Structures are given as C-alpha cells and as structure tokens.
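Trainee: All I have is the shape, not the residue letters:
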C-alpha cells in the first residue's frame, strides 16, 4: 500500500483554489460590463473596436483580481474587523493592482498628460469597487458557511 504525502502548503493552495472558484461563481459578468462602462466610458481608446475590446477584457482581469483579493481578506470581516481596517492589511497588494491598471490605461491612451490624474483616480475607484464587492461576497459566503 502506497501513501501519498502532501505538504501543508499544497493543501492550503488547493483549498484556496477551491474557495476562489466558488467565489467566482458568484461574480456576475453583466456587473463587470456595467462597471467598466460606468468607470471608463469617458476615456477613448485609439484603434477601433478590437482595441476597445482588448482594453475592456484587461479591465475585467484586474476587476477579478481585486474581487478575489477582497474575498480573501473577507475572513477578517467575518471575525469582526471593519472593512477599512481589513483593506489596510492588503494596501500594498491593492495599490499594485491599481498601478497595473493605471499603467495599462496609460499605454492604451498613449500617456496623455492631461488625462493622467483622472485615469489614476478612476483606476483607484474601479479596483476599490471590486475589492469591496469581493469582500462583501466573501463575508456573505462565510456567514452562510459556504466557504
């Protein structure tokens, strides 16, 4: 009889993937589209419909990352920590996600100086929105014992 030895880190990773999969099932695609439109509709991308679709999909990727990060940190909210305090725990990661989105937008808008501050502020709002959404969904799942 052969026993399979798994490491604690492998088990944790497996559990994390399962949790993220379940959390992603509750992410409505329509909400991603509406959020993209409401946040970034005022910015124009040069290059036509195909380029616009690429930018939109890139923003979806970032939204999903922020959503999963919020869901991950929702465990602190479940144990009574306020949302803002939990957000401070992952400030560096959230800023990295925001900066990634900002640089992505600078690339597609060709870094127009007049728009840079506006773009960053919008990127910050977008990632914050999705982090908060993930945090609340994760908290809900924990309260319903679906984690």
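Mentor: Sure, I can see it. Note that the structure is a prediction, hence the values are computed from the model and not measured.
Trainee: Identify the residue spatially nearest to residue 27, adjacent ones excluded.
Mentor: For residue 27, ignoring the flanking residues on the chain, the nearest one in space by C-beta to C-beta, 6 or more residues apart in numbering is residue 67 at 6.1 Å. Placement of C-beta: from N, CA and C, glycine included.
Trainee: where along this protein do the strands fall?
Mentor: Applying DSSP state E to the chain gives no strands.
Trainee: how about the biggest helix by length in it: buried residues?
Mentor: Using DSSP state H to define each element, the chain has its longest helix at helix 48-78. Residues of helix 48-78 classed as buried by neighbour count (16 or more other C-beta atoms under 10 Å): 55, 58-60, 62-77.
Trainee: How many neighbouring residues does residue 43 have?
Mentor: Applying other C-beta atoms under 10 Å, we find 15 other residues in the vicinity of residue 43.
Trainee: what's the closest non-adjacent residue to it?
Mentor: The shortest distance from residue 43 to any non-neighbouring residue, by C-beta to C-beta, 6+ apart, is to residue 109 (6.3 Å).
Trainee: residues making contact with stretch 26-33?
Mentor: Applying C-beta atoms under 8 Å, 6 or more residues apart in numbering, the contact partners of stretch 26-33 are 56, 60, 63-64, 67, 133, 137, 141.
Trainee: where does the longest helix of the chain sit relative to the chain's centre, distance-wise?
Mentor: Distance, stretch centre to chain centre, for helix 48-78: 4 Å (C-alpha atoms, centre = their mean, to the nearest Å).
Trainee: So residue 125 versus residue 39, what's the distance?
Mentor: Remark: distance between residue 125 and residue 39 (C-beta to C-beta, to the nearest Å) = 6 Å.
Trainee: out of these two, which sits in the busier spot?
Mentor: Shown here are residue 125 and residue 39; by other C-beta under 10 Å, residue 39 has more neighbours (18 against 14).
Trainee: May I have the phi/psi pair for residue 81?
Mentor: Phi and psi for residue 81, reported as degrees, to the nearest 10, are phi -80, psi 130.
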